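# For reference, the sequence and a predicted model appear below.
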Amino acid sequence: KEVVLTFDDGPFPPTTGKVLAALAAECVKATFFLIGRNAEAHPDLVRRIAAAGHTIGHHTWSHRILDRVGHAQALEEIDRGIAADELALHGAAIRIPSTPFFRFPGFASTPALLVYLETRGIAVLGADLWASDWEPMMPEQQLRLLTERLDHAGKGIILLHDTKAQTARMLPAFLQHLRRNGYRIVHLVPPPSPRPHS
């Protein structure tokens, strides 16, 4: 009954703050897979996510579906997104991410891109279940759909979007469902950096 909460496509000022408030109310941590151009536009919100103890992941520069563009364009999407996220977080557009987590938009990877990320020490995350929150629905419908899927699966990485108002409204009730039903929320964190030998 372990779950990992993940949020894609932010940061987005109208809703990301509400998601952060819901998580803080239940004292739980999540992973936010940021789009680089959104991070560049809202660096204060990126820093707020990190300051609250959540993990930052990367989700390309502009959410292009990477198996539909050429390899060079896909690499540019990955690298530019990571650089923008790092610039928003730390004030420097470094190539090596401080949090080595990546999610492909639409889960659309290629073997070559997977090798590329592996050589850079970046872990690729998928998802086990989701609320289909890209579809318009009432928060109550979304809650029912997500809780039914989770209760069937019993555990897993959950994909949500902090850019969706319906998700922000649904989240407090979903977090209460997790607590009432004995689920444990697992917080993904990067491994510690190796210490240099003295």
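Right, received. Where do you want to start? Owing to the predicted nature of the structure, the values given are computational and were not obtained by experimental measurement.

# For the rest of this, base every contact and every neighbour count on C-alpha atoms.
Will do.

# In three-state terms, how would Phe7 be classified?
Phe7 carries the three-state label strand when classified by DSSP: H, G, I helix; E, B strand; the rest coil.

# Give me the pLDDT value at it.
The model reports Phe7 with a pLDDT of 98.

# got the contact list for it?
By Cα atoms under 8 Å, 6 or more residues apart in numbering, Phe7 lies in contact with 30-33, 159-162.

# Try it again at 10 Å.
Shown in contact with Phe7 (Cα atoms under 10 Å, 6 or more residues apart in numbering): 16, 19, 30-34, 56-57, 158-163, 167.

# What about those residues, which are in helices?
Secondary structure from DSSP state H places 16, 19, 167 of those in helices.

# so which of those residues would you say is closest to Tyr116?
Nearest to Tyr116, judged by Cα to Cα, of the ones in helices among the contacts of Phe7 is Thr16 at 30.4 Å.

# so what's the closest one up against?
Residues near Thr16 by Cα under 10 Å, 6+ apart: 7, 10, 22, 32, 45-46, 48-49, 161-165, 167-168.

# List phi and psi for the nearest residue to Arg149 once chain neighbours are set aside.
Computed as Cα to Cα, 6 or more residues apart in numbering, the closest residue to Arg149 that is not its neighbour in sequence is Leu129, at 6.9 Å. The phi and psi values for Leu129, taken as degrees, to the nearest 10, are phi -160, psi 160.

# Met185: how many residues sit nearby?
Quick fix: residue 185 is Ile, not Met. 20 (other Cα atoms under 10 Å).

# Would you mind measuring from it to Ala123?
20 Å (Cα to Cα, to the nearest Å).

# same question, Asn38
22 Å.

# Which positions in stretch 17-26 come out as buried?
17-20, 22-23 (16 or more other Cα atoms under 10 Å).

# Dump those residues to a markdown table, plus distance to Arg95.
Below are the buried residues of stretch 17-26 laid out as a markdown table (distance: Cα to Cα, whole Å):
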| residue | distance to Arg95 |
| --- | --- |
| Gly17 | 28 |
| Lys18 | 31 |
| Val19 | 28 |
| Leu20 | 27 |
| Ala22 | 32 |
| Leu23 | 30 |
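
# can you pull out the helices in this structure?
Taking DSSP H as the criterion, the chain carries its helices at 13-25, 36-41, 43-51, 71-90, 111-119, 139-153, 165-180.

# okay, those in JSON lines with mean pLDDT and distance to Pro191 next?
Formatted as JSON lines, the helices of the chain follow (pLDDT from 0 to 100; distance: least, Cα to Cα, whole Å):
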{"stretch": "helix 13-25", "mean pLDDT": "98", "distance to Pro191": "23"}
{"stretch": "helix 36-41", "mean pLDDT": "98", "distance to Pro191": "23"}
{"stretch": "helix 43-51", "mean pLDDT": "98", "distance to Pro191": "16"}
{"stretch": "helix 71-90", "mean pLDDT": "96", "distance to Pro191": "17"}
{"stretch": "helix 111-119", "mean pLDDT": "97", "distance to Pro191": "15"}
{"stretch": "helix 139-153", "mean pLDDT": "97", "distance to Pro191": "27"}
{"stretch": "helix 165-180", "mean pLDDT": "98", "distance to Pro191": "26"}
